[in-house]
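Chemist: Below are the sequence and a predicted model for it; my questions follow.
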Amino acid sequence: MSIKTTSTICPFCGTGCGLGLRTEGQQIIGVEPIRNHPVSKGRLCSKGWNSAFGVDRQNRITTPLIKENGSFRKASWEEAVSLIHEQFSYHMEEHGPTSVGAISCARASNEDNYAIQKFTRAVLKTNNIDHCARICHSPSVAGLARTLGSGAMTNSIGDIEKADVVVVFGCDPTESHCIIGSEIIKAKERGALLLVVDPRKTRLAGLADVHLQLRLGSNVALLNGLLNIIFEKGWENRAFLDEHCQHLDLLKSNVKEYPPEVVSRITGVPEDQLVQAARIYSHARAAFLAYGMGVTQYVSGTNNVMAISNLALSCGHVGRPGTGINPLRGQNNVQGACDMGALPGVYPGYQSTDDPAMREKFSRAWGCEVADKPGMTSLGMNESTLSGQFHAMMIFGEDPVVTDPDQNQVAKVLNRLDFLVVVEMAMTETARFADVILPAASFAEKDGTFTNCERRVQRIRKAIDPIGDCLPDWQIIGKLARAFGAEGFDWPSAEAVFDEFSALMPIYSRMSYPRLEQHGGLQWPCDSRSPDGTAILHQKSFPNGKARLMPLHYLPPAENPDAEYPYFLTTIRLHFHYGCGSMTRKSPLLERETPMGLLFMSPQDAANQGLFNNAPVGVRSRRGYVETRVVITDQLPPGLVSMPYHFDDTPSNQLTNDAQDPVTRMPELKACAVRVEPLDPAERPKPIQVLREQGDCHVRV
Ligand SMILES: Nc1nc2c(c(=O)[nH]1)N[C@H]1C(S)=C(S)[C@@H](COP(=O)(O)OP(=O)(O)OC[C@H]3O[C@@H](n4cnc5c(=O)[nH]c(N)nc54)[C@H](O)[C@@H]3O)O[C@H]1N2
Ligand SMILES: Nc1nc2c(c(=O)[nH]1)N[C@H]1C(S)=C(S)[C@@H](COP(=O)(O)OP(=O)(O)OC[C@H]3O[C@@H](n4cnc5c(=O)[nH]c(N)nc54)[C@H](O)[C@@H]3O)O[C@H]1N2
Ligand code: SF4
Ligand SMILES: [Mo]
């Protein structure tokens, strides 16, 4: 049998590296990088190299499954779909369409996400549609929409090589966006100055010219402090401010309240470092600022994003090569899932559901009445379930039991739902709660597109047939829609789905599969004014004319250490694992590198508690308890501990707090208070499943 290589895109992070799948017949036999790929240029990180394990047939759900008497049995598509139709119809009639909803999937394609939100709005007649962007970059979408008028990365990954200053603000790209991380290291090697703002001494912080090791959750104070110095010294970009920004006076009087001595007290950063950082950023010819979850995952998430925007605008580092405000979008297709309107408030292309003209546009295009009531966010649907108003949910490819804050609360919600459908590739902790599981095809088994963090829409291509009874999500939606008697879901191909949505979305309007092929992907906006795509946003002006500067105030995290829970816990990512681990933990090579959840702790704290490297410990918060092992590291200052969130047996989301940003309802995943309880050194940490059986963790279900 001949061997062929199919050119596609890595299914993990938003960098969007080009990946070749080598197949022999219907078997994936290898993975290779794509040499001439515009972003990855022949490189992959270890997750990309190991992507085939996550989709292997041995690790997959391959038929629909229906729960009966507490366990799953195999079912046909007809039986599963008819049960879903019956249950959803019942709840829609009994309690109205706002009592049902869907969670879409930032790991699936644009075609899948478009189909899922169309089905929700046109067939279930509700705007209750959301996805993991809620707990990821929703503050970027909201914050940048307010200040700049558009919520995506303003520049491109290739701009890093044009910058003379790179700022890494609350993100850890050598772990999380490894190929971007390596571009930053290259920039540093060729002489760019590197500024890192992070409470932990990350790998890039170790290489930085200045590392501002601020206290957890003190971003707004720090950013206002930098602006105070910049305005005080006259280092702002007057010409840019005059031409492009409004509300300068408001911002100036706002940051007057943040002189260096006050900011140093709040953030713990020495005053001379604040001045040094302010000088470097404001004096740069081109400063590329990248930021991540250390900015967004706070009750002050949207304010943090707007404070970053204030700084970049005041120094004029927007709209030119090598600059920009660059949220490093996380999931392979989270940018696309947002673009497709898998959010309660927007149709595809960020066209508001509150705008009657848009409602009319989509009603006409879809040939039916669409939902007219405002939709709920994912956490809103959870709350509504607990108050008895929300009854049936479909979750496409997310594992909230492991990845949402406060695991015991999530379990309580899923138990309360009357009917839960999970569309998944593998058996996850969330899928165990389902009444029906539908088997999804993996990225290797379908055609479509992913949109990476720099707004580049790229083709993914089918290398093998879907295994077993699996189907791409958009075809699963087709089956469900037919059961509901709905028309307009019978697309003959992924390309037909793409053609339908690109015609409805101005920012994708000049894209087509042949044009994506020809250009090696196209960056939106791609319209008649910019038919070959847009590498840099806001080069001439902002969508609303001028950008807005926003006066903001510092707000501490919702939960802070105290005598009972003396440590701050922050949750992080590790290079070798991804999300809930449902794919990366299937790779023996990745699993060998980090096989279990860990608690990182400073040498001082470990010494105070009499803990040695690898010592077993319990970690407790007001919400839950896990057991794990200690790793002593000088990456952390005393008083701060950290844990990855990839491990279903050591879930750090047992501990996290679901206090929320009032604008976006982003939960505060980056800060909560915990205590660390040494276990007998001979004891093995118990996985959560065992703790639960023993009643050792306060499961509130
Ligand atoms: N290996 C791997 N890569 C991934 C993922 C994965 O699961 N595994 N997930 C993908 C996804 S979904 C996403 S969203 C991205 C996320 O990518 P990142 O944003 O890099 O993710 P985190 O590890 O959560 O990093 C957040 C950083 O913020 C810092 N931090 C915490 N609090 C503060 C604060 O108050 N201020 C500042 N300035 N910094 C703070 C933390 O110390 C940490 O270094 O990664 C993507 N890539
Ligand atoms: N404590 C803490 N918690 C966090 C974070 C944190 O920093 N700290 N980060 C948060 C962030 S930024 C994010 S984005 C979330 C991520 O949270 P999730 O989205 O729940 O995590 P993933 O592991 O990406 O889960 C996606 C699931 O999709 C499935 N899947 C993959 N491809 C497809 C497909 O094509 N179709 C279907 N139907 N399914 C598919 C996979 O099998 C996997 O089980 O986690 C959040 N949780
Ligand atoms: S950097 Fe991201 S997209 Fe590139 S290979 Fe690694 S996980 Fe995949
Ligand atoms: Mo994310």
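Modeler: Perfect, thanks for sending it. Ligands and ions are numbered 1, 2, ... in the order given.

Chemist: Tell me the first helix or strand C-terminal of the helix or strand where Gly181 lies.
Modeler: Element membership for Gly181, per DSSP states H and E: helix 178-189. Per DSSP H and E, the first helix or strand lying C-terminal to helix 178-189 is strand 193-197.

Chemist: Report the angle between that next one and helix 178-189.
Modeler: Per axes from the mean of the first three to the mean of the last three CA atoms, to 10 degrees, the angle that strand 193-197 makes with helix 178-189 is 130 degrees.

Chemist: Any buried residues in stretch 527-534, and which?
Modeler: Using 16 or more other CB atoms under 10 Å as the test for burial, stretch 527-534 gives 527, 533-534. Placement of C-beta: from N, CA and C, glycine included.

Chemist: near ligand 3 at all, the helix holding Gly181?
Modeler: Yes: under the criterion of CB under 6 Å from any ligand atom, ligand 3 is reached by helix 178-189 at 178-179.

Chemist: Wondering if that helix reaches ligand 1 at all.
Modeler: No: counting by CB under 6 Å from any ligand atom, ligand 1 is not contacted by helix 178-189; separation bottoms out at 7.3 Å.

Chemist: That helix - contacts with which helices or strands?
Modeler: Counting contacts by 3 or more CB pairs under 8 Å, 6 or more residues apart in numbering; DSSP states H and E, helix 178-189 packs against strand 165-169, helix 173-176, strand 193-197, helix 203-207.

Chemist: I'd like to know which of those lies nearest to ligand 4.
Modeler: Ligand 4 lies closest, by CB to the ion, to one member of those: helix 173-176, at 8.9 Å.

Chemist: wait, what's in contact with Cys368?
Modeler: 122, 486, 488 (CB atoms under 8 Å, 6 or more residues apart in numbering).

Chemist: Run a quick check on the first one versus Ala486, I expect a contact.
Modeler: Read that as Ala122. Yes: with contact defined as CB atoms under 8 Å, Ala122 reaches Ala486; the gap is 6.7 Å.

Chemist: how about the residue nearest to Thr323 when sequence neighbours are not counted, secondary structure?
Modeler: Distance criterion CB to CB, 6 or more residues apart in numbering; nearest residue to Thr323, sequence neighbours excluded, is His317 at 4.1 Å. The assignment at His317 comes out as coil when based on DSSP: H, G, I helix; E, B strand; the rest coil.

Chemist: Neighbours of His317, how many?
Modeler: Around His317 sit 28 other residues, with neighbours defined as other CB atoms under 10 Å.

Chemist: Could you pull up the residues touching it?
Modeler: Neighbour list for His317: 281, 284, 286-289, 323-324 [criterion: CB under 8 Å, 6+ apart].

Chemist: between those residues, which is nearest ligand 2?
Modeler: Leu289 (19.1 Å; CB to the nearest ligand atom).

Chemist: Give me every residue in this protein lying close to ligand 2.
Modeler: 105, 107-108, 132, 135-136, 293, 297, 330-331, 396-400, 403, 423-426, 428, 440, 473, 571, 579-580, 582-583, 645, 652-653, 656, 669.

Chemist: Could you rerun that using 5 Å?
Modeler: Contact residues (CB under 5 Å from any ligand atom) of the chain with ligand 2: 105, 107-108, 132, 135-136, 293, 330, 396-399, 403, 423, 425-426, 428, 440, 571, 579-580, 582, 645, 653, 656, 669.

Chemist: residue in the stretch 551-700 of the chain nearest to ligand 4?
Modeler: Here the stretch 551-700 of the chain gets closest to ligand 4 at one residue, Gly579, 7.9 Å apart by CB to the ion.

Chemist: Settle this for me: that residue is touching Gly397, isn't it.
Modeler: No: with contacts counted by CB under 8 Å, Gly579 stays clear of Gly397, the gap being 10.0 Å.

Chemist: What residues of the helix or strand encompassing Ala80 count as buried?
Modeler: Assigned by DSSP H and E, Ala80 belongs to helix 77-95. Within helix 77-95, the residues that count as buried by 16+ other CB under 10 Å are 80-81, 83-85, 87-88, 91-92, 95.

Chemist: Give the next helix or strand downstream of that helix.
Modeler: For helix 77-95, the following helix or strand on the C-terminal side (DSSP H and E) is strand 100-103.

Chemist: Give me the mean pLDDT for the helix or strand just after that following strand.
Modeler: Remark: after strand 100-103, the chain's next helix or strand is helix 110-122, criterion DSSP H and E. Taken as a whole, helix 110-122 has an average pLDDT of 98.

Chemist: what about stretch 381-397, near ligand 1?
Modeler: No: against ligand 1, stretch 381-397 shows no contacts by CB under 5 Å from any ligand atom, the least distance being 12.7 Å.

Chemist: Dump that stretch to PDB, keeping only the CA atoms.
Modeler: Below are the C-alpha coordinates for stretch 381-397, written out as PDB (Å, rounded to 0.1, in the frame of the first residue of the first chain):
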ATOM      1  CA  MET A 381     -26.600  28.300  32.000                       C
ATOM      2  CA  ASN A 382     -25.000  26.500  35.000                       C
ATOM      3  CA  GLU A 383     -26.600  29.000  37.400                       C
ATOM      4  CA  SER A 384     -29.900  28.700  35.600                       C
ATOM      5  CA  THR A 385     -29.800  24.900  35.900                       C
ATOM      6  CA  LEU A 386     -29.300  25.200  39.700                       C
ATOM      7  CA  SER A 387     -32.200  27.500  40.000                       C
ATOM      8  CA  GLY A 388     -34.400  25.100  38.000                       C
ATOM      9  CA  GLN A 389     -34.900  27.100  34.800                       C
ATOM     10  CA  PHE A 390     -32.500  25.300  32.500                       C
ATOM     11  CA  HIS A 391     -33.100  21.700  31.600                       C
ATOM     12  CA  ALA A 392     -31.300  20.200  28.600                       C
ATOM     13  CA  MET A 393     -27.800  20.800  27.200                       C
ATOM     14  CA  MET A 394     -25.600  19.700  24.300                       C
ATOM     15  CA  ILE A 395     -21.800  19.900  24.900                       C
ATOM     16  CA  PHE A 396     -19.600  19.600  21.900                       C
ATOM     17  CA  GLY A 397     -16.000  18.800  22.800                       C
END
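
Chemist: How far away from the center of its chain is that stretch?
Modeler: Centroid separation for stretch 381-397 versus its chain: 21 Å, with CA atoms, centre = their mean, to the nearest Å.

Chemist: Contacts only, for whatever residue of the stretch 451-600 of the chain ends up closest to ligand 1.
Modeler: Of all residues in the stretch 451-600 of the chain, Arg573 sits closest to ligand 1, at 3.6 Å by CB to the nearest ligand atom. Residues near Arg573 by CB under 8 Å, 6+ apart: 172, 175-176, 644-646.

Chemist: How about Gln539?
Modeler: Residues near Gln539 by CB under 8 Å, 6+ apart: 319-320.

Chemist: May I have the secondary structure class of it?
Modeler: Assigned with three-state DSSP, Gln539 falls in the coil class.

Chemist: Next one: it from Ala115, what distance?
Modeler: Distance, Gln539 to Ala115, using CB to CB, to the nearest Å: 34 Å.

Chemist: Mind putting the contacts of Arg573 into TSV with pLDDT?
Modeler: Converted to TSV, those look like this (pLDDT from 0 to 100):
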residue	pLDDT
Asp172	98
Glu175	97
Ser176	97
Pro644	97
Tyr645	96
His646	96
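
Chemist: Could you dump the residues you listed into CSV with distance to ligand 4 added?
Modeler: Below are the contacts of Arg573 laid out as CSV (distance: CB to the ion, whole Å):
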residue, distance to ligand 4
Asp172, 13
Glu175, 13
Ser176, 9
Pro644, 14
Tyr645, 11
His646, 12
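
Chemist: Please enumerate the helices of the stretch 501-650 of the chain.
Modeler: For the stretch 501-650 of the chain, the helices defined by DSSP state H, counting those that start in this stretch cover 513-519, 588-593, 603-608.

Chemist: so which of those helices gets nearest Val436?
Modeler: helix 588-593 (29.9 Å; CB to CB).
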